[in-house]
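Engineer: attaching a predicted model along with its sequence, questions to come.
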Amino acid sequence: MPGRFLAARSFYALSLLLGVTLLTFSLMVWFGPDQTYELIGRNSTPEQIAELRAELGYDRPFWSRYGHWLMELASGNLGLSNRSGESVSALLQRALPVTAALVLPGFLLGNLLGLAAGLWAAWRRDSLWDRLILGASVTGLSLSFLVIIIALQLLLCTPYGLNWFPARGWRMDSLGTYLLHVTVPTLALLLVTLGYNTRFYRAVAAEELQRDHVRTALAYGATPLGLLGGPVLRNCLVPVITRVLYSIPLVLVSGSLLLETYFGIPGIGRVTFDAISSGDQPVLLAIVTLTAALFVVVQLLAEFACRLADPRGRLP
């Protein structure tokens with residue numbers, strides 16, 4: 001049975017990846033910009049244009065181009081950036097650690113603080129604490145990410161405010177310089193995700209607190225900390241794990257795009273923005289494909305983690 005399950009999930013993952021790559025490649029081919037004149041100029045001879053189009057593969061049939069690209073992708077060759085001529089693999093290897101270092105503190109704090117606030121609000125349901133936490137969550141949900149970034153930058157990074165942190169740039173020479181550059185983006189990511197996380201975790205915990213075993217534990221004198229940190233949290237692990245893992249691809253690409261573009265940080269988000277602006281098809285294809293692969297990996301990890309967290313979901 002486990003072997004059949006693994007085979008089914010592997011087939012599903014491969015089918016999903018092939019579908020995403022086919023759709024992405026089709027959109028790039030049929031609706032993406034033609035790079036010929038951007039790379040060679042408008043005053044080139046027909047022979048030069050034909051030679052460049054043959055080099056780019058524009059003269060080959062669609063399925064031939066798609067199959068060639070899949071083989072290159074399987075071999076780890078993501079091609080060269082049309083914008084800079086740099087290897088796409090090298091470009092992503094340099095940008096990915098920057099994005100991970102940028103979003104990891106805010107991602108972890110947003111989930112940990114949201115989980116703690118959600119558990120406490122669910123425990124004190126309909127109390128003043130619950131209303132205050134829900135009000136703060138709704139306020140956070142109503143604020144735009146861009147508005148939060150601009151407000152924090154004005155308050156903390158300019159002479160009009162405290163001017164404690166750099167307004168743009170990125171350095172990781174030491175722990176001090178890293179903290180100096182990551183603090184404001186972390187606060188922005190924390191503020192924009194804390195409201196969503198708190199409301200979600202509160203709803204999950206509130207449902208669990210209504211179950212009979214919780215009432216029985218309370219009748220036997222269980223403390224709030226022991227109850228929330230013990231059986232309630234354990235029984236909430238499945239939705240918690242699912243939310244945390246499924247947020248990773250979204251935060252790495254979508255969340256970092258605005259932060260890196262606005263703060264001038266050379267990560268995956270900035271690379272994606274530059275590729276979209278310049279129509280750099282090899283970079284865009286690589287990013288979309290790797291995001292889909294990350295989503296598939298996260299989906300598999302979430303399924304296995306949930307089966308470990310909940311014995312009722314384990315295979316016989």
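Structural biologist: That came through fine. Numbering: from 1, shown residues only.

Engineer: just after the lowest-mean-pLDDT helix or strand in the chain, pick out the following helix or strand.
Structural biologist: Lowest by mean pLDDT, DSSP states H and E among the helices and strands of the chain is helix 36-40, with a mean of 66. On the C-terminal side of helix 36-40, the closest following helix or strand by DSSP states H and E is helix 46-56.

Engineer: quick one: contacts for Val271?
Structural biologist: Residues near Val271 by Cβ atoms under 8 Å, 6 or more residues apart in numbering: 91-92, 95, 283, 287. (C-beta placed from N, C-alpha, C; glycine too.)

Engineer: now with 6 Å?
Structural biologist: Ala95 (Cβ atoms under 6 Å, 6 or more residues apart in numbering).

Engineer: pLDDT score for it?
Structural biologist: The per-residue pLDDT reported for Val271 equals 88.

Engineer: what of Ala8?
Structural biologist: The model reports Ala8 with a pLDDT of 69.

Engineer: next: Leu22.
Structural biologist: At Leu22, the model reports a pLDDT of 82.

Engineer: what about it, helix or strand, and which?
Structural biologist: In the assignment (DSSP H and E), Leu22 maps to helix 2-31.

Engineer: list the buried residues for that helix?
Structural biologist: Of all the residues in helix 2-31, those buried under the rule 16 or more other Cβ atoms under 10 Å are 13, 17, 20-21, 24-25, 28.

Engineer: do the same with stretch 271-279
Structural biologist: Residues of stretch 271-279 classed as buried by neighbour count (16+ other Cβ under 10 Å): 271-272, 274-275, 278-279.

Engineer: and the host helix or strand of Ala90, what's its mean pLDDT?
Structural biologist: In the assignment (DSSP H and E), Ala90 maps to helix 88-123. If you average the pLDDT over helix 88-123, you get 91.

Engineer: for the next helix or strand after it, what is the distance to the chain centroid?
Structural biologist: Next helix or strand after helix 88-123 toward the C-terminus (DSSP H and E): helix 128-142. In terms of Cα atoms, centre = their mean, to the nearest Å, the gap separating the centre of helix 128-142 from the centre of its chain is 25 Å.

Engineer: same check on stretch 277-295?
Structural biologist: Using Cα atoms, centre = their mean, the mean C-alpha position of stretch 277-295 is found 14 Å from that of the whole chain.
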